[in-house]
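> Sequence plus the predicted model coming up.
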Amino acid sequence: MKARFASTCPACNDAIKVGKEIVRNSEDKWVHKACSDVEDELP
Ligand SMILES: [Zn+2]
């Protein structure tokens, strides 16, 4: 989903800006899509 508020990515410690694509990782934290440790669902 797209971030609705600014925060910090706990995986890379970089800022998550509003509108960035974010996903929940295995620890139930919001991280950048690229920082997720959860595999995308395969088609
Ligand atoms: Zn990140």
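Here it is on my side, so go on.
> rest of the way, CA atoms for contacts and neighbours
Will do.
> what stretches of this structure score poorly on pLDDT?
Scanning the chain for pLDDT under 70 picks out 40-43.
> Tell me the bridge partners for the residue nearest the centre of it.
Against the mean C-alpha coordinate of the chain, by CA atoms, centre = their mean, the closest residue is V31 at 2.3 Å. Going by DSSP bridges, V31 is paired in beta bridges with V23.
> residue contacts, it?
T8, C9, P10, A11, I16, I22, V23, R24, N25 (CA atoms under 8 Å, 6 or more residues apart in numbering).
> list the buried ones in stretch 23-43?
V23, R24, N25, W30, V31, H32, K33, C35, S36 (16 or more other CA atoms under 10 Å).
> and these near the ion, which?
By CA under 5 Å from the ion, the members of the buried residues of stretch 23-43 lying near the ion are H32, C35.
> Dump the buried residues of stretch 23-43 into a markdown table; add distance to R4 as well.
Putting the buried residues of stretch 23-43 into a markdown table (distance: CA to CA, whole Å) gives the following:
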| residue | distance to R4 |
| --- | --- |
| V23 | 12 |
| R24 | 14 |
| N25 | 17 |
| W30 | 11 |
| V31 | 13 |
| H32 | 13 |
| K33 | 14 |
| C35 | 18 |
| S36 | 18 |
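> Tell me the one of the contacts of V31 nearest K2?
I22 (5.8 Å; CA to CA).
> From what I see, the closest one and F5 are in contact.
No. Look at I22 against F5 with CA atoms under 8 Å: they stay out of range, at 10.9 Å.
> okay, the two: which has more neighbours?
Between I22 and F5, counted using other CA atoms under 10 Å, the more crowded position is I22 (22 against 10).
> tell me the contacts of that one?
I22 makes contact with M1, K2, A3, W30, V31, H32, K33, according to CA under 8 Å, 6+ apart.
> now it: how far from the ion?
Distance, I22 to the ion, using CA to the ion, to the nearest Å: 9 Å.
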